[in-house]
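*Asks:* Generate a structure from the sequence data that follows.
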Amino acid sequence: MSSNTSTNSVEPSKLDISVLTLWSLFVLIDQHFTALFTYRNLIDNIDDLETEENISLDTIREALIYQILLKTCAFTDEWDQHLGLKTEPEYFDEIVRLKKVLRPARRILERWKGLRKFRNHAIAHNHRDEKGNHIYLGNTRFYHTPETIGDLAYLIFALEKMVKILAGAFPAQFSNAIKLSENWQYSGFDYENHPDKDLSKEDIVKAVELATNEIQANLQKDNYPFFDASSLYLDFLKNTP
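*Replies:* Okay, here's the model as predicted:
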């Protein structure tokens, strides 16, 4: 495969951005898996722990697995719908050829037939299917998704092959993507100048108390006095340094 170079301009090319998207998603997926694997022994033995620890570790495991599945779907969206199709025309033929080479890896991601539906129904949206039915009520559902450490490692193996061979085929664009990633946290968000940045503890407690009192007043006004608008999070905020 011949290497390609981006136009020397201030603005990144569409291919630069697509490579950045795929690489950054892969890195995050890899980090989630590493965290899951690092604490595997502890997480795998959650049934031996006290109830609160059990719930906390199970929540961490679920969050990490869900993030892997969610970002995998995002990765395939970028791979299938943007890379080559919406990048510069001069790279189209080589990207098509590259995708054919990597078809065995892409096919691995198709092994789990329920992954996309599970992402849509259980992770990204409101626990309803295409017909509006709640997925946890009624008939038992089965979504074919990666579940074990081995499944997830197999999935990430495919992602790694795809993104690393892409990087090797387009070294200039990969280099540009790395440079973009060094500043990307500032390119899309103006967090530095946001008026609510770095609220003090006192400001947060005051705002929470104000909202709590207002909600409680509304509940009483509308004859719902049996509801309590107080919050454990308010106690947490007050008692946390």
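*Asks:* contacts, neighbours, all on C-alpha from now
*Replies:* Will do.
*Asks:* Which strand or helix spans the residue lying closest to L98 once chain neighbours are set aside?
*Replies:* Leaving aside its chain neighbours, L98 sits nearest to L166 (7.5 Å; criterion: C-alpha to C-alpha, 6 or more residues apart in numbering). For L166, the element it lies in under DSSP states H and E is helix 149-169.
*Asks:* Now whichever helix or strand comes after that helix: buried residues?
*Replies:* Note on helix 149-169: by DSSP H and E, the next helix or strand toward the C-terminus is helix 171-181. The neighbour-count check on helix 171-181 (16 or more other C-alpha atoms under 10 Å) flags P171, A172, Q173, F174, S175, N176, A177, I178, L180, S181 as buried.
*Asks:* Check stretch 112-127 too.
*Replies:* L115, R116, K117, F118, R119, N120, H121, A122, H127.
*Asks:* Just the ones of these in helices?
*Replies:* The members of these that map onto helices under DSSP state H are L115, R116, K117, F118.
*Asks:* Can you add pLDDT and give these back as a markdown table?
*Replies:* As requested, these are exported to a markdown table (pLDDT from 0 to 100):
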| residue | pLDDT |
| --- | --- |
| L115 | 92 |
| R116 | 91 |
| K117 | 90 |
| F118 | 88 |
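*Asks:* closest to E62 among those residues?
*Replies:* F118 (13.3 Å; C-alpha to C-alpha).
*Asks:* Now that closest one: closest residue in space that isn't a chain neighbour?
*Replies:* Y143 (6.2 Å).
*Asks:* on that earlier part again, in TSV: the buried residues of helix 171-181, plus pLDDT and distance to E110.
*Replies:* As requested, the buried residues of helix 171-181 are exported to TSV (pLDDT from 0 to 100; distance: C-alpha to C-alpha, whole Å):
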residue	pLDDT	distance to E110
P171	94	27
A172	95	30
Q173	96	27
F174	94	26
S175	95	29
N176	94	30
A177	93	27
I178	92	28
L180	89	30
S181	85	29
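*Asks:* Tally up the residues packed near Y136, please.
*Replies:* Using other C-alpha atoms under 10 Å, Y136 has 11 neighbouring residues.
*Asks:* Could you report the pLDDT at it?
*Replies:* What the model reports for Y136 is a pLDDT of 83.
*Asks:* From R116, how far off is it?
*Replies:* Going from Y136 to R116 by C-alpha to C-alpha, to the nearest Å gives 17 Å.
*Asks:* And C73, by the same measure?
*Replies:* According to C-alpha to C-alpha, C73 and R116 sit 7 Å apart.
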